[in-house]
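[1] sharing a model prediction with you, sequence too.
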Amino acid sequence: MIYWSIFLAFFIPGILGYGGGPASIPLVEKEVVDRYGWMTTEEFGEVLALGNALPGPVATKMAGYIGYVEGGILGSVIALFASVAPSLVLMIGLMVTLMKYKDSPKVKNITRLVRPVIAILLGAMAVQFFVTSYEASGTIQTIFLIAASYWLLEVRKMHPALVILLALVYGAVSSLF
C-alpha cells in the first residue's frame with residue numbers, strides 16, 4: 001500500500017503542477033506533509049533546499065529522495081516514475097497524434113515555420129553563452145576556446161561530446177591557476 005501512496009503523492013502534483021517542478025512543489029508538500037505525514041514542514045524545507053542545491057530538476061530529486069526514505073529503492077523508482085509519468089504520457093500521446101497526421105499539409109507547414117524559430121533560439125542561446133564566457137573568462141580564454149572548438153569539430157572531425165568534455169577539463173585546469 002505504501003508504494004501506491006508514493007505513486008499518488010507524486011503523480012497528482014505532476015498532473016496538476018502546471019509550470020514544471022517549482023510549480024508542483026507546494027502540491028508535493030501538501031501530499032507529503034499534510035496528507036501522508038511522512039515529513040514535517042521543516043524537514044520538507046530541508047529536502048527542498050538540498051534539491052535546489054543540486055543540479056537538475058528539483059521535482060525529480062525530491063521524488064527520488066522522499067520515495068527512497070519511505071519505500072527504499074523501489075519507492076524511489078516509483079516516485080521518480082510518478083513524477084515524470086504525466087509528461088511522459090502526454091508526450092507519447094502527442095507523438096502518436098503527430099505521427100498520424102505527419103503527411104498533412106498543415107503539420108508540414110507548422111514544422112516548416114517552427115524550424116527558423118528554433119534556429120533563432122539556439123543562436124540567441126549561443127550568443128548568451130559567448131557573452132557569459134567572455135565576462136567570466138576574458139577575451140583570450142574565450143577566443144582560445146572558440147578557435148580550439150572550431151578546429152576540433154571542423155578540421156579534426158571530433159565528436160561534439162568530446163569537445164565539450166575537453167572544454168570542461170580545460171576550464172577546470174585553468175581555474176586552478
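    Perfect, thanks for sending it.
[2] drop to CA atoms for contacts and neighbour counts, all remaining ones
    Fine.
[3] quick one: low-confidence parts of the protein?
    19, 21 (pLDDT under 70).
[4] domain boundaries for it, per the record?
    Following automatic domain parsing, one gets these domains for the chain: 2-100, 105-176.
[5] show me what the longest helix along the chain is packed up against.
    Using DSSP state H to define each element, the chain has its longest helix at helix 58-100. Helix 58-100 sits against helix 2-16, helix 21-29, helix 41-53, with contacts defined as 3 or more C-alpha pairs under 8 Å, 6 or more residues apart in numbering; DSSP states H and E.
[6] which of those sits closest to residue 164?
    Closest to residue 164 of the helices and strands packed on helix 58-100 is helix 41-53 (C-alpha to C-alpha; 23.5 Å).
[7] what packs against that closest one?
    By 3+ C-alpha pairs under 8 Å, 6+ apart, helix 41-53 packs against helix 58-100.
[8] could you give the angle of whichever helix or strand comes after the helix it packs on to helix 58-100?
    Next in sequence after helix 58-100, counting helices and strands by DSSP states H and E, comes helix 105-137. If you take axes from the mean of the first three to the mean of the last three C-alpha atoms, to 10 degrees, helix 105-137 sits at 150 degrees to helix 58-100.
[9] identify each buried residue in the next helix or strand after helix 105-137, please.
    Downstream of helix 105-137, the first helix or strand assigned by DSSP H and E is helix 139-150. The neighbour-count check on helix 139-150 (16 or more other C-alpha atoms under 10 Å) flags 141-142, 145, 149 as buried.
[10] then stretch 2-14?
    3, 5-14.
[11] stretch 22-33 now?
    24-25, 27-33.
[12] can you list contacts of it?
    With C-alpha atoms under 8 Å, 6 or more residues apart in numbering as the test, stretch 22-33 has contacts from 9-10, 13-14, 16-18, 38-41, 44, 58-59.
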